[in-house]
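1. Here is my input; please provide its structure:
(6 chains)
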There are 6 protein chains.
Amino acid sequence: MKTAMLIGRFQPLHLGHLSAIEHALRKADRLVLVIGSSQKSHEYRNPFTSGERMEMIITTLDNRKLLDRTVFAQVPDVENHALWVPLLKSLTPKFDFAISNDPLTIRLLEEAGTPVEEAPFLNREELVATEVRRRIATGGDWQPLVPPEVASYIRSINGVERIKALFAQQDANSNNKKV
Amino acid sequence: MKTAMLIGRFQPLHLGHLSAIEHALRKADRLVLVIGSSQKSHEYRNPFTSGERMEMIITTLDNRKLLDRTVFAQVPDVENHALWVPLLKSLTPKFDFAISNDPLTIRLLEEAGTPVEEAPFLNREELVATEVRRRIATGGDWQPLVPPEVASYIRSINGVERIKALFAQQDANSNNKKV
Amino acid sequence: MKTAMLIGRFQPLHLGHLSAIEHALRKADRLVLVIGSSQKSHEYRNPFTSGERMEMIITTLDNRKLLDRTVFAQVPDVENHALWVPLLKSLTPKFDFAISNDPLTIRLLEEAGTPVEEAPFLNREELVATEVRRRIATGGDWQPLVPPEVASYIRSINGVERIKALFAQQDANSNNKKV
Amino acid sequence: MKTAMLIGRFQPLHLGHLSAIEHALRKADRLVLVIGSSQKSHEYRNPFTSGERMEMIITTLDNRKLLDRTVFAQVPDVENHALWVPLLKSLTPKFDFAISNDPLTIRLLEEAGTPVEEAPFLNREELVATEVRRRIATGGDWQPLVPPEVASYIRSINGVERIKALFAQQDANSNNKKV
Amino acid sequence: MKTAMLIGRFQPLHLGHLSAIEHALRKADRLVLVIGSSQKSHEYRNPFTSGERMEMIITTLDNRKLLDRTVFAQVPDVENHALWVPLLKSLTPKFDFAISNDPLTIRLLEEAGTPVEEAPFLNREELVATEVRRRIATGGDWQPLVPPEVASYIRSINGVERIKALFAQQDANSNNKKV
Amino acid sequence: MKTAMLIGRFQPLHLGHLSAIEHALRKADRLVLVIGSSQKSHEYRNPFTSGERMEMIITTLDNRKLLDRTVFAQVPDVENHALWVPLLKSLTPKFDFAISNDPLTIRLLEEAGTPVEEAPFLNREELVATEVRRRIATGGDWQPLVPPEVASYIRSINGVERIKALFAQQDANSNNKKV
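-> Purely as a prediction, here's the structure:
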């Protein structure tokens, strides 16, 4: 049995993530899906709690019969980045290879001897999540970028209002930053 | 769909835990299985990493066709115990009720408005885990207390040697504690 | 007896804060005054220690006969923002309603079921504190923005020099940030 | 104006604490009352949150006309004990002298150049708090050891049940500690 | 015997640092060399671990017969800046004076009663380290700015590739920051 | 050139440590001497700050011409013990082998692929440090167990009084622990 590992912040889960998950589950029998920055929530770059992110992913994968072969892990950030891979390993069940397109993640995993494959559908992962949040914050058309289950979950927890409030606050802070 | 939540340290998973998990999955459609003290490892009361504990549980539940309906979450300890339930909630997907026999866990969850059911098979949960570790440390007959998958996993990662080393060290520290 | 709660960073206490405190003490019999980001000091956005901020407030309120009905609490930042309201509640005596103009604070408190009233005089709270620090840092006319007690306290602890040093350092860091 | 500083964990406030506070307010015009181990709660040695402890103290002092001259501060524990006095100083307004009977506190404060006076009524401070908790946990007659306001506050928040649950859990853990 | 103390992040050690160390060892018999931000690594402003930074410095000083009179200490950042000098003191052996050109460091040390001398060769310390990292990241001619031992150490651990990856990631994050 | 690594808490440095250091410097050209639990001080098992411990060691080694070949590193404790070896490696320059008699340290280092040699003179390392502290606390004859430089350093900083105060406080706490 072959196990893949895929890490993301999933703020929120979007179609690029979903493609990467589907890709991983074609290449492997089981997927360890790691919720990164798991201790973060209610800030503009990380609006949703780890539990909320899991809920979006569970509903989406369940509807596509992908949940059965997926196992979750939750990895908080660590201040000393040299400890990030050891922390990840202490918090995840064994996996055979990682899937990533983030150059630093690839570097750190490879330095630690973990095989890494690039995810063809994930290249613009962070860009897309950023774009989803920007559209939500500014009243743009964000729903086509995420699975329908995610859109309806975000609406059900008043996530649009939360992201707008976080955006407004960040805006104020960044204007005031220097003065 | 009904979701139960069960929390334990699983140091290691034993037959009492397994009965409780089976009980939970009879009462609910899905189980959120929470690895408590997830940041702890390599100490006598917490010998295994969160990832190792997940591995034991995955193999055991998979063989019993229980893994498909189980979702993992990982909750570290928090120094201010008044924040433990809010932390748990931020790290877990929504659940309908909790299953526990620990009086303090029951108290904290109920104060926070979460319904809790007692787990008939779990009553002596901590006692059994303690007994497993004690038997491993002192060369006793520990294997009948755990599922066979757990016994063979612990042997495969030299877990017996690890627990003996941790026991020896704790012993030395506790003799020296006062002097 | 009715108790209000007002939270601010008070870096430093300015006339907008003072109006809001006076407003709160007209609406309530007692005020829980929360020093936010209490663990921060000696950085440009947070130049004063929690103790120094308390000293400014004590002298100012005492002279206006407002200290008797004021109780202090000190709340540090928390990385997981989902825990901020529970932390605040664990560190404060019971209060009947909060007074705030910060949209995120209002959101978080209301989600947690705490009644919140807007403070008419506080709207530009953060802007004013930012402006006070900017004027201090750049030699502008900052003293009209704060109660006279605060101005004389800041001078007595060489706070002007401290803020200038912190401003200079932030300036250097931000120029160098990317290169 | 003379300011005294008194530090305690107040788990819970008892008659020894109250005598010491009264003593301090005879020797000084104002008292900085420091809630120590402010980040702890819901454990047997620290059953009450910082906010709950403040509430007990506020009611008790208010009834005795002592609240007006009292200012609260909250100091969490720090792992590096060499930083405890600097942390205390960063979190408290200026005070002229400290009142303590704890030999280590006296030592640390004096090494840092802070004048310390012994509190005649406080000598057995920790012993009394310990005895209060023990009596609550074991159904003994605890109410004569605390001000009546504290007794009624503890009952009103179901504090007796909480302490019993924490005691039971500690008991289990300590039996299991080694095995 | 006279001991000097010099603090830097040494990301990486450059010729300005080396001049300052030589200067310190002309003014004192022994030097306490403090690795600041010791807990940081693998981020663009702090690419090297504390151990890697020590290795660069050891080789460079050893070749110049300066290592014998140098003692290392490692000081992590602290969130409450008011505790930085006490932390530094708890982690270093006694020294007679500090050498620094950073205005805030000078301020904090002088407020704490430590004599500070300006380092004539160090004035542009942070600027030079920033420039070294920028040139490494962008393929510029960085090697003339550092001792030859540092250049060859950085190459030997693939430090150029690491800094380029960290730079690329920071770049992406900063573009995405707001949106 | 061959580099050894030796880790200890050095609370305080005693003759067993000194023998182990001398042994290490016969087997290697250079020694990385790691101050463990570097963030601890002013508690009975860890009475001295990291800086104080370095001072004792510096004087002792300097008098024996061993300081020139010794390099210090400081490693704090980490809650997740699975991260201890990665943390140690991030904070130390490269070494060829470790010297230890602690079974857990040996286990963790060997699991991480680091060669470890047993230190013939160090076997009772923790026992001796414990005995030194016990004798200091109880007025016993402790000075023959440590190098004369350490004895005179401890006296010069009033270390005997500090250890007695810490012992008294621990004693009180441990009597009260359960009640």
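
2. what about the closest residue to residue A:74 other than its chain neighbours, neighbour count?
-> Computed as CB to CB, 6 or more residues apart in numbering or on different chains, the closest residue to residue A:74 that is not its neighbour in sequence is residue A:38, at 3.8 Å. (C-beta placed from N, C-alpha, C; glycine too.) Per other CB atoms under 10 Å in any protein chain shown, the neighbour tally for residue A:38 reads 27.

3. Quick check, residue A:38 in contact with residue A:51.
-> No - under the criterion of CB atoms under 8 Å, residue A:38 lies out of contact with residue A:51, with a separation of 9.6 Å.

4. what is in contact with the two at once?
-> With contacts defined as CB atoms under 8 Å, 6 or more residues apart in numbering or on different chains, the residues shared by residue A:38 and residue A:51 are residue B:91.

5. how many other residues sit next to the residue of chain A found nearest chain D?
-> The nearest approach of chain A to chain D comes at residue A:79, 15.4 Å away (CB to the nearest CB). Here the count is done by other CB under 10 Å, and residue A:79 has 13 residues near it.

6. which SS class is the nearest residue in space to it that is not next to it in sequence?
-> Spatially, and ignoring its direct neighbours in sequence, residue A:79 is nearest to residue E:39 (5.7 Å; CB to CB, 6+ apart). Following DSSP: H, G, I helix; E, B strand; the rest coil, residue E:39 is assigned to coil.

7. Settle this for me: residue E:39 is touching residue A:80, isn't it.
-> Yes - taking CB under 8 Å as the definition, residue E:39 is a contact partner of residue A:80 at 4.9 Å.

8. Give me every residue in chain A lying close to chain F.
-> A:80, A:82-83, A:86-87, A:89-90 (CB under 8 Å from any CB of the partner chain).

9. near chain E, anything from stretch A:104-119?
-> Yes - between stretch A:104-119 and chain E, judged by CB under 8 Å from any CB, the touching residues are A:104, A:107-108.

10. What residues sit buried inside that stretch?
-> A:104-109, A:114, A:116-117, A:119 (16 or more other CB atoms under 10 Å in any protein chain shown).

11. Of the residues you listed, which belong to helices?
-> Using DSSP state H, the members of the buried residues of stretch A:104-119 that fall in helices are A:104-109.

12. and the residues you listed as CSV, adding distance to chain B?
-> Converted to CSV, those look like this (distance: CB to the nearest CB, whole Å):
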residue, distance to chain B
A:104, 22
A:105, 18
A:106, 21
A:107, 22
A:108, 17
A:109, 15
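
13. Closest one to chain C out of those residues, please.
-> Of all those, residue A:104 has the smallest distance to chain C: 16.7 Å, by CB to the nearest CB.

14. Now do stretch A:85-95: distance to the chain's middle.
-> Using CA atoms, centre = their mean, to the nearest Å, we find the averaged C-alpha position of stretch A:85-95 to lie 17 Å away from the chain's own average C-alpha position.

15. How about stretch A:87-97?
-> 17 Å.

16. average pLDDT for that stretch?
-> Averaging the model's pLDDT scores along stretch A:87-97 yields 97.

17. Please see if that stretch touches chain B.
-> Yes - using CB under 8 Å from any CB, a contact is recorded between stretch A:87-97 and chain B, made by A:89-94.

18. start to end distance for stretch A:142-154?
-> Length of stretch A:142-154, first residue to last, CA to CA, to the nearest Å: 11 Å.

19. Poorly predicted segments of chain A, please.
-> Segments of chain A classed as low confidence (criterion: pLDDT under 70) are A:121-126, A:171-179.

20. May I ask you to confirm that residue A:40 is in contact with residue C:82?
-> No - under the criterion of CB under 8 Å, residue A:40 lies out of contact with residue C:82, with a separation of 9.1 Å.

21. circling back: from the residues of stretch A:104-119 next to chain E, which is closest to chain F?
-> With CB to the nearest CB as the yardstick, the closest approach to chain F among the residues of stretch A:104-119 next to chain E comes from residue A:108, at 11.8 Å.

22. nearest to residue A:32, of the buried residues of stretch A:104-119?
-> Within these, distances to residue A:32 taken as CB to CB reach their minimum at residue A:114, with 12.1 Å.

23. who touches the closest one in this structure?
-> Listed by CB under 8 Å, 6+ apart, the contact partners of residue A:114 are A:85, A:97-98.

24. Give the phi and psi angles for it, as a check.
-> phi -90, psi 130 (degrees, to the nearest 10).

25. what about the strands in chain A?
-> Assigned strands in chain A, in chain order: A:3-8, A:30-36, A:70-75, A:97-99, A:116-117 (criterion: DSSP state E).

26. could you dump the ones you listed to JSON lines with distance to residue E:157?
-> Shown next, in JSON lines, are the strands of chain A (distance: least, CB to CB, whole Å):
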{"stretch": "strand A:3-8", "distance to residue E:157": "25"}
{"stretch": "strand A:30-36", "distance to residue E:157": "26"}
{"stretch": "strand A:70-75", "distance to residue E:157": "25"}
{"stretch": "strand A:97-99", "distance to residue E:157": "22"}
{"stretch": "strand A:116-117", "distance to residue E:157": "20"}
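
27. Smallest gap between chain A and chain E, at which residue?
-> In chain A, the residue that lies nearest chain E is residue A:81 (3.4 Å; CB to the nearest CB).

28. doesn't residue E:42 make contact with that residue?
-> Yes - checked against CB under 8 Å, the pair residue A:81 and residue E:42 is within contact range at 3.4 Å.

29. which neighbours do those two share?
-> In terms of CB under 8 Å, 6+ apart, residue A:81 and residue E:42 are both contacted by the residues residue A:108.

30. before we move on, the earlier item: top of the contacts of residue A:114 by neighbour count?
-> Using other CB under 10 Å as the neighbour criterion, residue A:98 leads these with 23 neighbours.

31. State the distance from that residue to chain B.
-> For residue A:98, the distance to chain B (CB to the nearest CB, to the nearest Å) stands at 14 Å.

32. Look up which residues are beta-bridged to that residue.
-> Residue A:98 has these beta-bridge partners by DSSP bridges: residue A:5, residue A:116.

33. my guess is it contacts residue A:115, does it?
-> Yes - with the criterion set as CB under 8 Å, residue A:98 and residue A:115 qualify as a contacting pair; they are 7.1 Å apart.

34. Identify the contacts common to the two.
-> Overlap between the neighbourhoods of residue A:98 and residue A:115 is empty, taking contacts as CB under 8 Å, 6+ apart.

35. The residue nearest to residue A:79: what's it in contact with?
-> When contacts are counted by CB under 8 Å, 6+ apart, residue E:39 touches A:79-80, E:50, E:76-77.

36. got the residues of chain A near chain B?
-> If contacts are counted using CB under 8 Å from any CB, the residues of chain A sitting beside chain B are A:38, A:41, A:49-52, A:54-55, A:58, A:67-68, A:71-74, A:76, A:89-94.

37. Could you pick out the buried ones from the residues you listed?
-> For those, a burial check counting by 16+ other CB under 10 Å picks out A:38, A:41, A:49-52, A:54-55, A:58, A:67, A:71-74, A:76, A:89-93.
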